[in-house]
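> can you look at this prediction? I've put the sequence above it.
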Amino acid sequence: MKGSQDAALKLRLKELIVRETDKPVDAAGVPDDQPLFGPKSALELDSVDGLQISMALQLEFGLRVEDPKQMRRILADLNTLADFVQPQ
């Protein structure tokens, strides 16, 4: 199953993001298809948050992305991240 279609995986990723960035929001309420960063973001994440999320993904899922531009594309929204974590 592709990650963006796996509700359990997406909830796990939302919980990781909320935990690592210390955002005072309910993880289940994080939108799947809205940007994680920038002015249209529900979470208003910044580059420090991105680094924290990147490190958490490495620890929890064994994912290592060295190129910051690629990581930025992966973290575009929750569906994109879920598809990267679980591509099939």
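Yep, that arrived.

> could you use CA atoms for every contact and neighbour count after this?
OK.

> identify the residues contacting stretch 34-42?
The contact list for stretch 34-42, computed with Cα atoms under 8 Å, 6 or more residues apart in numbering, reads 30-31, 43-46, 75-78.

> what do you get if the cut-off is 7 Å, keeping everything else the same?
Outside stretch 34-42, the residues that touch it by Cα atoms under 7 Å, 6 or more residues apart in numbering are 43-46, 75-77.

> wasn't L9 part of a helix?
Yes. Counting by DSSP: H, G, I helix; E, B strand; the rest coil, L9 is part of a helix.

> show me what the helix or strand of the chain with the lowest mean pLDDT is packed against.
Of all helical and strand segments in the chain, the minimum by mean pLDDT, DSSP states H and E falls on helix 68-74, at a mean of 91. Packed against helix 68-74 by the contact rule (3 or more Cα pairs under 7 Å, 6 or more residues apart in numbering; DSSP states H and E) you find helix 78-85.

> what packs against the helix it packs on?
Short answer (3+ Cα pairs under 7 Å, 6+ apart): helix 78-85 packs on helix 7-21, helix 68-74.
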